[in-house]
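Enquirer: I'd like to go over a predicted model; first the sequence, then the structure.
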Amino acid sequence: MNLKDRKPVYYSEYLQLDKILNAQEPESDKEHIRADDEMLFIIIHQSYELWFKQILHELNIVRNVFLQASIQHNSPDMYNSVHRLKRICRILEVAVMQMGVLETMTPLDFLDFRDLLRPASGFQSIQFKIIEATLGLHYEHRHGKAYYLSQLTPQDVERVKKAEEHRSLRSLLDEWLARMPFLQSGNYWEGDNNKSFWSNYREAYSSGLSEGEMQNLKIFDSIFIEDSAYPEGRAFSAAAARNAMFIMLYRDQPLLQLPYELLSTLLEVDQQLSMWRHRHIHMVQRTIGKRVGTGGSTGAEYLRGAADSHYIFRELSELTSFLLPRHMLPTLPDALRADLGYKQ
């Protein structure tokens, strides 16, 4: 098609502004009650849902990359994944700052229309639940499971369950990490030397622990020493955890820089989600105190429980407990260092 033959695009039509700007229908107007801040409340939450839609768009692009059977560590796909995850982080920063606009609404301003909202609640945001499921928050690890689906329509329950049936990004990341060849004995290490790599690493690591940190060795052994595919209670396989640790330790090697950026950015996504949840807690406490939420939840208490338990990539962040300073790192085999470096 010749682009010159296309119908001219008009700004308001392209953005569907008639739909967007006429999508605010305050309940207080219907009841002829003055509630000046309900318009702000609606627009803020509509804005959140638009940002959630964009986050899901970015996550699905990243998921499609990791659904591939093979991904080159320094490929355009890897760069694109990191780029889109960083965009998600910036969107979540905006979501946190946007809470400040909502906080200009005082408790009395909210009470003017709060009872008109029942039983609607932000807890019913299907897109946010799908974001969590897409990242890898499983139903069994959710705070308040009994309440989780009870406030949704049957159609939305089905949407959430369908999202949870798809392969999550955490699951795909687990498989991708486990496929990395750098610690497999047959490729670079003579005999069983990759096991002695972790044994030697353990010795150096334990020598630097304080008395109060010695319990870390039990977790270290379950991940890096013992022969177990999935250490008990962990979402990442031992192979994936070892390779993630290897990326963190040797991130200065050119071939590992993008994989490190990927892991680091996923941890930032978790961090930004946590900041949004905690900012939400403080806003709810300030606005309704100890009252229950409009949807029937325990309000700030429920939000605090979710904020404390909904860390999707917690196991990756815990790996930093086992890092050594650069000057204590084991020397890599020459062939491995050559493959991790720039090709001449």
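Expert: Looks like it came in fine.

Enquirer: check the gap between residue 30 and residue 18 for me.
Expert: 21 Å (Cβ to Cβ, to the nearest Å). No exception for glycine: its C-beta is placed from N, CA and C like everyone else's.

Enquirer: which residues touch the residue nearest to residue 42 when sequence neighbours are not counted?
Expert: By the measure of Cβ to Cβ, 6 or more residues apart in numbering, the closest residue to residue 42 outside its immediate chain neighbours is residue 24, 4.9 Å from it. By Cβ atoms under 8 Å, 6 or more residues apart in numbering, the contact set of residue 24 is 39, 42-43, 46.

Enquirer: show the buried residues in these.
Expert: residue 42 (16 or more other Cβ atoms under 10 Å).

Enquirer: for whichever strand or helix holds residue 96, what does the pLDDT average out to?
Expert: Per DSSP states H and E, residue 96 falls inside helix 76-102. Helix 76-102 carries an average pLDDT of 95.

Enquirer: list the buried residues for it?
Expert: So for helix 76-102, counting by 16+ other Cβ under 10 Å, buried means 77-78, 81-82, 84-86, 88, 92, 95-96, 98-99, 102.

Enquirer: quick check: the residue lying closest to residue 179 once chain neighbours are set aside vs residue 180, distance?
Expert: Distances taken as Cβ to Cβ, 6+ apart place residue 70 nearest to residue 179, at 7.9 Å, with adjacent residues excluded. According to Cβ to Cβ, residue 70 stands 11 Å off from residue 180.

Enquirer: compare these two (neighbour count), which wins?
Expert: Per other Cβ atoms under 10 Å, whichever of residue 70 and residue 180 has more neighbours is residue 180, with 18 against 7.

Enquirer: just the pLDDT for that one.
Expert: For residue 180, pLDDT reads 88.

Enquirer: repeat that for residue 341.
Expert: Reading off the model, residue 341 has pLDDT 87.

Enquirer: quick one: contacts for the closest residue to it other than its chain neighbours?
Expert: Spatial nearest neighbour of residue 341, chain neighbours left out: residue 254 (5.6 Å); criterion: Cβ to Cβ, 6+ apart. Applying Cβ under 8 Å, 6+ apart, we find residue 254 in contact with 74, 340-342.

Enquirer: hmm, which two among those are most spread apart?
Expert: 74 and 341 (11.3 Å; Cβ to Cβ).

Enquirer: now do the shared contacts for those two.
Expert: 254-255.

Enquirer: what about the two, which has more around it?
Expert: The neighbour count for residue 74 versus residue 341, taken as other Cβ under 10 Å, is higher for residue 74 (14 against 11).

Enquirer: could you tell me the phi and psi values at residue 325?
Expert: phi -60, psi 160 (degrees, to the nearest 10).

Enquirer: and the pLDDT at it?
Expert: The per-residue pLDDT of residue 325 was computed as 93.

Enquirer: so it versus residue 340, what's the distance?
Expert: For residue 325, the distance to residue 340 - Cβ to Cβ - is 19 Å.

Enquirer: thought residue 132 was touching residue 276?
Expert: No - using Cβ atoms under 8 Å, residue 132 makes no contact with residue 276, being 11.9 Å away.

Enquirer: and residue 265, how many neighbours?
Expert: Neighbour tally, residue 265, other Cβ under 10 Å: 19.

Enquirer: again but with residue 15, I slipped
Expert: The burial count for residue 15: 11, using other Cβ under 10 Å.

Enquirer: per-residue confidence for it?
Expert: At residue 15, pLDDT is 95.

Enquirer: use 23 as the first number from now on
Expert: Yes, from this point I'll number from 23; that puts the last item at residue 37.

Enquirer: got a list of what it touches?
Expert: Contacts of residue 37 by Cβ under 8 Å, 6+ apart: none found.

Enquirer: over to the one 10 residues further on?
Expert: Residue 47 makes contact with residue 64, according to Cβ under 8 Å, 6+ apart.

Enquirer: and the pLDDT for it?
Expert: 96.

Enquirer: sec struct for it, please.
Expert: For residue 47, the assignment made with DSSP: H, G, I helix; E, B strand; the rest coil gives coil.
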